[in-house]
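A.B. asks: can't give you the sequence, but here's the structure:
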């Protein structure tokens, strides 16, 4: 199955402590590379999130953002350590009595002293459970989006593979005629040079030319690679790396075909093949 590495998913959920929002964006990458933006209350969920991503995805740069919007009525409670506050006040008054121009100490000065004021710790266990479930749902949606985006590429690949098969078949059909034309040209060059035709010499020249320009193996490998690409597109697994390797092999055979070409039509076919391969390779870079 073709799965794109470019996708976006967003889901919301309501919890007793507020509104949770999860957004996940993915783009192409050689490996699975997740990054997280989480509120402090949910920071401990990063490892479970990573595990869930590893189960569902194989490749891609993944940006995860989760926000917790607390209810307006959820005002944090403050706790005052009266013993520390009294000790700070007593110490300040004691020092003031020693000074000629004592400074006034107010309540805010005392509250700023370390240990006097603290925020009552809230229980976010319910929000963490909701966030984990929301994350799983968002990842599932992301996987569906990646699959839909990937399947849109299938006609692109199938069209280009069909065109490549046609080019390979055209070159294969033209090969016998090309060798005959080369033999005729060789006879003509000998005739114009007024050189006596030696059948054995002609045969040797043709054998050397046939060996030098034999592209049957390249055509066979091109057909095999085209068939392998088509089979790979139907696999229910991550296929991006395999397709990338096959694009390299296809391009190598197309280059060899071009270098052995003895005819302008074969050269054009080789160039057309390389254009089609490059078009597919650009799309392959975005497949998981």
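C.D. replies: Cool, the structure landed. These numbers come from a predicted model, not from an experiment.
A.B. asks: name the element residue 118 belongs to?
C.D. replies: strand 117-119 (DSSP states H and E).
A.B. asks: what's the burial count for residue 30?
C.D. replies: When neighbours are counted by other C-beta atoms under 10 Å, residue 30 registers 12. (C-beta placed from N, C-alpha, C; glycine too.)
A.B. asks: just residue 93 next, same as before
C.D. replies: Residue 93: 11 neighbours (other C-beta under 10 Å).
A.B. asks: same deal with residue 128?
C.D. replies: Residue 128, neighbours per other C-beta under 10 Å, totals 19.
A.B. asks: tell me the gap between whatever helix or strand it lives in and the middle of its chain.
C.D. replies: Using DSSP H and E, residue 128 maps to helix 125-151. Remark: helix 125-151 is offset 18 Å from the chain centroid, using C-alpha atoms, centre = their mean, to the nearest Å.
A.B. asks: stretch 85-101 now?
C.D. replies: Stretch 85-101 sits 65 Å away from the centroid of its parent chain (C-alpha atoms, centre = their mean).
A.B. asks: following element in sequence after the helix or strand of the chain with the lowest mean pLDDT, please.
C.D. replies: Lowest by mean pLDDT, DSSP states H and E among the helices and strands of the chain is helix 199-213, with a mean of 56. Scanning forward in sequence from helix 199-213 by DSSP H and E, the next helix or strand is helix 216-233.
A.B. asks: let me know how buried residue 31 is, in neighbour terms.
C.D. replies: 8.
A.B. asks: I should have written residue 90 there, sorry.
C.D. replies: Residue 90 has 10 nearby residues by other C-beta under 10 Å.
A.B. asks: could you say which helix or strand holds it?
C.D. replies: Per DSSP H and E: helix 82-98 holds residue 90.
A.B. asks: and residue 282, how many residues sit next to it?
C.D. replies: Counted with other C-beta under 10 Å, residues neighbouring residue 282 total 10.
A.B. asks: what packs against the helix holding residue 90?
C.D. replies: helix 107-111 (3 or more C-beta pairs under 8 Å, 6 or more residues apart in numbering; DSSP states H and E).
A.B. asks: just how off-centre is the helix it packs on within its chain?
C.D. replies: On C-alpha atoms, centre = their mean, the centre of helix 107-111 falls 54 Å from that of its chain.
A.B. asks: same deal with stretch 29-43?
C.D. replies: That offset, for stretch 29-43, works out to 16 Å (C-alpha atoms, centre = their mean).
A.B. asks: next: stretch 89-109.
C.D. replies: Centre-to-centre, stretch 89-109 and its host chain are 64 Å apart (C-alpha atoms, centre = their mean).
A.B. asks: and the contacts of that stretch?
C.D. replies: Contacting residues not belonging to stretch 89-109 are listed as residue 110 [C-beta atoms under 8 Å, 6 or more residues apart in numbering].
A.B. asks: what does stretch 249-261 give?
C.D. replies: 164, 171, 212-215, 218-219, 221-222, 225-226, 229, 266-267, 269-271, 273-274, 277-278, 281.
A.B. asks: quick one: what helix or strand has the residue nearest to residue 25 when sequence neighbours are not counted in it?
C.D. replies: Of all residues not flanking residue 25 in the chain, residue 63 sits nearest, at 4.6 Å (C-beta to C-beta, 6 or more residues apart in numbering). In this assignment (DSSP H and E), residue 63 forms part of strand 60-70.
A.B. asks: tell me which strands that strand pairs with, and in which orientation.
C.D. replies: strand 18-27 (antiparallel), strand 32-37 (parallel) (DSSP bridges).
A.B. asks: and it, what's buried?
C.D. replies: Within strand 60-70, the residues scored as buried using 16 or more other C-beta atoms under 10 Å are 60, 61, 62, 64, 66, 67, 68, 70.
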